[in-house]
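Participant: sharing a model prediction with you, sequence too.
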Amino acid sequence: MSSTDEPDQTAIEAKPASGPNGYVDLILRIMRLHRVSLRTLAYRTGIGKSRLGLLLHSDPARRPPISLDELKALLGALDIDVFEAVICVEAFGNIDVLDSPRYRAVTALLRVVFRYLPVELIAALEELDHIDDSDVRPEWAAGLQRAVVKRLVNEITRIAAERAIGWDRDI
């Protein structure tokens, strides 16, 4: 997409610059880490250098809102999975989690486990004749989160134990 194309009008407000918590901060960090220049990023994304300069301005107050299409193009050009970026910025609220191998591993796992969960959940609920749309409520989220975390921890523990037993047999 060029800077003259009509971007997706869904704008994403960058989080405040008081800490390393926003999508732009994540993009800038990865650019520094991988030594990606603005020119290279412009080439990879198709977004003009002048537009990139504004989007990635060092003064967050001078940054315009970034469209969803622009954000996806920037993340893709830097090999950052959109789902992982959302987990990092929105769930953890701090891009410093990228420095932790544990957080990176958990984020990668969550990306794979939950990417298609909405489709699978809808399909499973459609098979149940006695549950309709009015039966599913957002206030169930906390209990469902606890159940999912408990199940994931149980499965991870089981898999780790099986691997440990397998390693003992190999010795």
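Facilitator: Here it is on my side, so go on. Computed from a predicted structure; not experimentally measured.

Participant: neighbours of residue 113, just the number please.
Facilitator: Residues near residue 113, counting by other Cβ atoms under 10 Å, number 12. To be clear about C-beta, it is placed using only N, CA and C from the backbone, and glycine gets the same treatment.

Participant: that one and residue 127, how far apart?
Facilitator: 21 Å (Cβ to Cβ, to the nearest Å).

Participant: ok, residue 73 next?
Facilitator: Counting by Cβ to Cβ, the gap from residue 73 to residue 127 is 38 Å.

Participant: show me which of the two is the more surrounded one.
Facilitator: The neighbour count for residue 73 versus residue 127, taken as other Cβ under 10 Å, is higher for residue 73 (19 against 7).

Participant: for the more buried one, which non-adjacent residue is spatially closest?
Facilitator: Nearest residue to residue 73, sequence neighbours excluded (Cβ to Cβ, 6 or more residues apart in numbering): residue 45, at 4.2 Å.

Participant: next: residue 81.
Facilitator: Residue 81 sits nearest to residue 111 (Cβ to Cβ, 6+ apart), 5.8 Å away.

Participant: quick check, the one you found in contact with residue 85.
Facilitator: No - Residue 111 is not in contact with residue 85 according to Cβ atoms under 8 Å; the separation is 9.9 Å.

Participant: what about the two, which has more around it?
Facilitator: residue 85 (22 against 16).

Participant: pLDDT of the one helix or strand residue 159 maps to, averaged?
Facilitator: Element membership of residue 159, judged by DSSP states H and E, is helix 141-170. Mean per-residue pLDDT for helix 141-170: 84.
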